[in-house]
Each structure stands twice: as structure tokens, then as C-alpha cells.
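Novice: dropping the sequence and predicted coords here.
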Amino acid sequence: MPAKVSRKILQVGDSKGSVLPPDWLRAFGLNVGDTIEVFYDFIVLIKPLGVPLDLDFLKKELDILARLEEASQ
């Protein structure tokens, strides 16, 4: 389900936020009130709670995302 989308930053109370892609939410069966984990530095990684991080899997995913970025330029 690799994809690249643009999102705007929205005002959410005193904070700011963005909307998660509906396809991604459906793929993981996430609904309002569910918990996700957010990891961030230069890149933001959002994952459903309980889904383990696997380094080999992440490397493959980042490669796919880098190719998506290149294709869209």
C-alpha cells in the first residue's frame, strides 16, 4: 500500500495536526479513539500500537518510499 499524498497542517485546539490517509486507517482497522505510536526526528513514523518495528522491514519500506519520491519529481 505504498503511497505519497500531500496534507495540510490543521489547527486542532491549541495544537496543530494532519489527517491520516483513510486507506492506511482501514488497512490496520484503526478507528477514532484507537492508540497509535509516533516516532520522530527528521522523519515521522506512525504505527499502530502493538505492531512491532522490524529493521529489515523498515529498510525495505524506506526504499519503496524513496522510489515513490523519485518518481513524483
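Specialist: Arrived safely, thanks for sending.

Novice: after the helix or strand that residue 23 is a member of, next one along is what?
Specialist: In this assignment (DSSP states H and E), residue 23 forms part of helix 22-27. Later in the chain than helix 22-27, the nearest helix or strand by DSSP H and E is strand 36-40.

Novice: thinking again about what came up before, packing partners for the helix holding residue 23?
Specialist: Contacting helix 22-27 under the criterion 3 or more CB pairs under 8 Å, 6 or more residues apart in numbering; DSSP states H and E is no other helix or strand. C-beta coordinates here come from the backbone N, C-alpha and C atoms, glycine included.

Novice: same thing but 10 Å
Specialist: strand 44-48 (3 or more CB pairs under 10 Å, 6 or more residues apart in numbering; DSSP states H and E).

Novice: chain center to the next helix-or-strand element following the strand it packs on, what's the gap?
Specialist: Downstream of strand 44-48, the first helix or strand assigned by DSSP H and E is helix 55-71. Helix 55-71 has its C-alpha centroid displaced from the chain centroid by 13 Å (CA atoms, centre = their mean, to the nearest Å).

Novice: who does helix 55-71 touch, helix- and strand-wise?
Specialist: strand 44-48.

Novice: sorry, back to before: contacting residues around the helix holding residue 23?
Specialist: With CB atoms under 10 Å, 6 or more residues apart in numbering as the test, helix 22-27 has contacts from 1, 3, 5, 19, 21, 30, 31, 32, 34, 36, 46, 48.

Novice: can you report how many residues neighbour the closest residue to the first one other than its chain neighbours?
Specialist: To tie it back to what came earlier, the one meant is residue 1. Spatial nearest neighbour of residue 1, chain neighbours left out: residue 27 (5.7 Å); criterion: CB to CB, 6 or more residues apart in numbering. Counted by other CB atoms under 10 Å, the residues lying close to residue 27 total 11.

Novice: what does the one 10 residues further on give?
Specialist: Neighbour count for residue 37, taken as other CB under 10 Å: 12.

Novice: just residue 23 next, same as before
Specialist: Using other CB under 10 Å, residue 23 has 10 neighbouring residues.

Novice: again with residue 18
Specialist: When neighbours are counted by other CB under 10 Å, residue 18 registers 12.
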